[in-house]
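Asks: Below: sequence and its predicted model.
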Amino acid sequence: MREQNKDNLDKVVSLVLSHARTQSKSKLVMALLDHVKASGLTVSNPDSFMYQALQSLAALENRSSTAIALKAREVLISCQMPSYERRAQMEAILKSSITSSFYGEGPGARFVLFYIYF
C-alpha cells in the first residue's frame with residue numbers, strides 16, 4: 001500500500017486509521033440494523049434507498065463483515081413481512097371468508113334428518 005501511494009502518504013494514513021476502527025464501525029452498523037428491525041419499518045420497494053442499502057450490506061462477502069451481512073439479511077426478511085397486527089387482521093379476514101357449513105346445515109338440520117330417518 002505504501003508502494004502504491006508513495007506520493008500521497010495522507011491517503012495511506014487515512015486507510016490505516018480506517019482499518020484500525022473497523023470493529024467500532026461494525027458495532028455501529030449492527031446497532032443501526034437493530035434499530036431498523038425494532039422500528040417495524042416495511043421495506044418492500046426495491047427502488048427505495050433503505051432496501052438498496054440493506055441489499056448492499058447483505059451482499060458483503062468479507063470474513064470480517066459476515067455478522068453484518070447476516071444481520072442485514074435478517075432485517076430484510078423481517079422488514080418485508082407484515083406486522084403482527086396486520087398478520088392477525090389478515091388471518092381473521094381469511095377465517096371469516098371460509099365457511100365450514102353446508103347448505104341445509106344448521107341447528108335444526110339434525111332434527112330434520114332424525115325425523116326423516118325414523
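Replies: Yes, it's here. Residues are numbered from 1 along each chain as shown.
Asks: Flag every buried residue along the helix or strand where residue 67 lies.
Replies: Per DSSP states H and E, residue 67 falls inside helix 66-80. Going by neighbour count (16 or more other CB atoms under 10 Å), the buried part of helix 66-80 is 68-69, 71-72, 75-76, 79. No exception for glycine: its C-beta is placed from N, CA and C like everyone else's.
Asks: buried stuff in stretch 48-68?
Replies: Here stretch 48-68 shows 51, 54, 57-58, 60, 65, 68 as buried, counting by 16+ other CB under 10 Å.
Asks: and that stretch, how far out from the chain's middle?
Replies: 13 Å (CA atoms, centre = their mean, to the nearest Å).
Asks: and what of stretch 73-87?
Replies: That offset, for stretch 73-87, works out to 5 Å (CA atoms, centre = their mean).
Asks: Any chance you could list what contacts it?
Replies: Contacts of stretch 73-87 with the rest of the structure, by CB atoms under 8 Å, 6 or more residues apart in numbering, involve 33, 36-37, 40-44, 51, 54-55, 58, 90.
Asks: For the residues you listed, give me TSV that also has secondary structure and distance to residue 8.
Replies: Shown next, in TSV, are the contacts of stretch 73-87 (DSSP: H, G, I helix; E, B strand; the rest coil; distance: CB to CB, whole Å):
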residue	secondary structure	distance to residue 8
33	helix	34
36	helix	36
37	helix	40
40	coil	46
41	coil	41
42	coil	45
43	coil	39
44	coil	44
51	helix	36
54	helix	34
55	helix	33
58	helix	33
90	helix	58
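Asks: If we only consider the residues you listed, which is nearest to residue 16?
Replies: If you rank these by distance to residue 16 using CB to CB, residue 33 comes first, at 26.5 Å.
Asks: Quick one, grab the pLDDT at the nearest residue to that closest one once chain neighbours are set aside.
Replies: In this structure, residue 33 finds its nearest non-sequential neighbour in residue 71, 4.7 Å apart by CB to CB, 6 or more residues apart in numbering. If you check residue 71, the pLDDT there is 93.
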